Structure formats: structure tokens, C-alpha cells
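A.B. asks: Below is the structure, and that's it, no one-letter string:
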């Protein structure tokens, strides 16, 4: 159950505190979030019952209620992701349903599915056609299509200059990225 996964996560954190890897305030913060926000939401549910839609519903509820500051909302989602990461590490689930909602911060081991979660998923042909149609006549068209067809990241596509294209060799050199 989710409660068992949360308890295991907190036990592992407590061991890290005991080994002077983490500060006790970290354990206290995560314990508070688990008890105040996550257990009331997911107590009694199996890990398999909690999917991406359930995590998104929690996120939407946190945002629309307006009771928590943005920072606290992010902390709740981060703790949820860490609990699921612990479940992935223990092979209780294959993938972390909260991973895609991560708000940044340091990544903890086991947060992704252990199999092919890092491999990009290519767009289907109909999705590519929709993308091509949606960007027709727009300034952003070329970078978006390069991202879709060549697997470029946003910063790489935006950092391209005319001299990076070699038509005779049919190559594209990635030599700079744009970060703002």
C-alpha cells in the first residue's frame, strides 16, 4: 500500500539521518508532509491504484485550494515523488507516476522506471503532421521541427546558426546552446 511505501521511505531517511548523511530537519519535513498531506490523500490505496492521473488530481487540488504556498505545494509533490522512488527501488512498482511532475531540485536514485524510462519516445506520424501544421508560417517552426525530427533539445535548436548546417555533407553541428 501507499502507507507501507511511505513508512519505508521514512525509515530509509531515518537511517540516513542516523548515518549523518542527512539532517534531522529533512526527515522532520518529509514526515510532516507524509502525515499531513499524502496519507490523507492516498492511505488505503495500493501503489498500483495511484497513477499519473491521481498525482495530477492531487496537484490540481493543491493549486486550486489556495491553502498552501507554491513552495509547500512543490515540497508535497517532491515528497510524493520520493516515496514512489523508494517503491521503485524496492521493486514494488516499475515506474514512478509522480516523476513527470517533478518541479526541479536534486534527483534521488530510483525515481525513474528501471527499464527504458530514459529513452525518448518518438512522435507518431499523425502527431508529427499536427506539429508541422501547427507551426506552419510561424517563426518557431524550424527549431520545433528540428527538435521533433532530429531529437534536439530546446537550447540546442535555438542555438543553431546558419553556419552549423552543411548541405553538401548533410550534417548539422551542435556547437552552442541558448539557456534563456
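C.D. replies: That came in fine, so what should we check first? From a predicted model like this one, the values you see are computed outputs, not experimental measurements.

A.B. asks: low-confidence ranges in this protein?
C.D. replies: For the chain, the stretches with pLDDT under 70 are 100-121, 180.

A.B. asks: 90 instead?
C.D. replies: Along the chain, the parts satisfying pLDDT under 90 run over 1-5, 11-29, 33, 36-136, 138-162, 164-167, 169-180.

A.B. asks: Show the residue spans covered by the strands in this protein.
C.D. replies: For the chain, applying DSSP state E gives strands covering 165-166, 171-172.

A.B. asks: what residues are up against residue 122?
C.D. replies: Contact analysis of residue 122 by CB atoms under 8 Å, 6 or more residues apart in numbering lists nothing. To be clear about C-beta, it is placed using only N, CA and C from the backbone, and glycine gets the same treatment.

A.B. asks: any idea how far it is from residue 160?
C.D. replies: Distance from residue 122 to residue 160, counting by CB to CB, to the nearest Å: 21 Å.

A.B. asks: With residue 142 instead?
C.D. replies: 8 Å.

A.B. asks: cool, and residue 85?
C.D. replies: From residue 85 to residue 160 the distance is 35 Å (CB to CB).

A.B. asks: Ok, residue 90 next?
C.D. replies: From residue 90 to residue 160 the distance is 44 Å (CB to CB).

A.B. asks: check contacts around the residue nearest to residue 141 when sequence neighbours are not counted.
C.D. replies: With sequence-adjacent residues excluded and distances taken as CB to CB, 6 or more residues apart in numbering, residue 141 is closest to residue 135, at 4.0 Å. Counting by CB under 8 Å, 6+ apart, residue 135 touches 141, 144-145.

A.B. asks: tally of neighbours for residue 176?
C.D. replies: Residue 176 has 13 neighbouring residues, counting by other CB atoms under 10 Å.

A.B. asks: same deal with residue 139?
C.D. replies: For residue 139, the neighbour count with other CB under 10 Å is 7.

A.B. asks: Residue 159: what's it in contact with?
C.D. replies: 174-178.

A.B. asks: List the ones among those that fall in helices.
C.D. replies: Counting by DSSP state H, no part of these is found in helices.

A.B. asks: Of these, which count as buried by neighbour count?
C.D. replies: The neighbour count (16 or more other CB atoms under 10 Å) marks nothing among these as buried.

A.B. asks: Leaving out sequence neighbours, find the closest residue to residue 45.
C.D. replies: residue 2 (5.2 Å).

A.B. asks: pretty sure that neighbour contacts residue 43?
C.D. replies: Yes: the pair residue 2 and residue 43 passes the contact test of CB atoms under 8 Å, sitting 6.7 Å apart.
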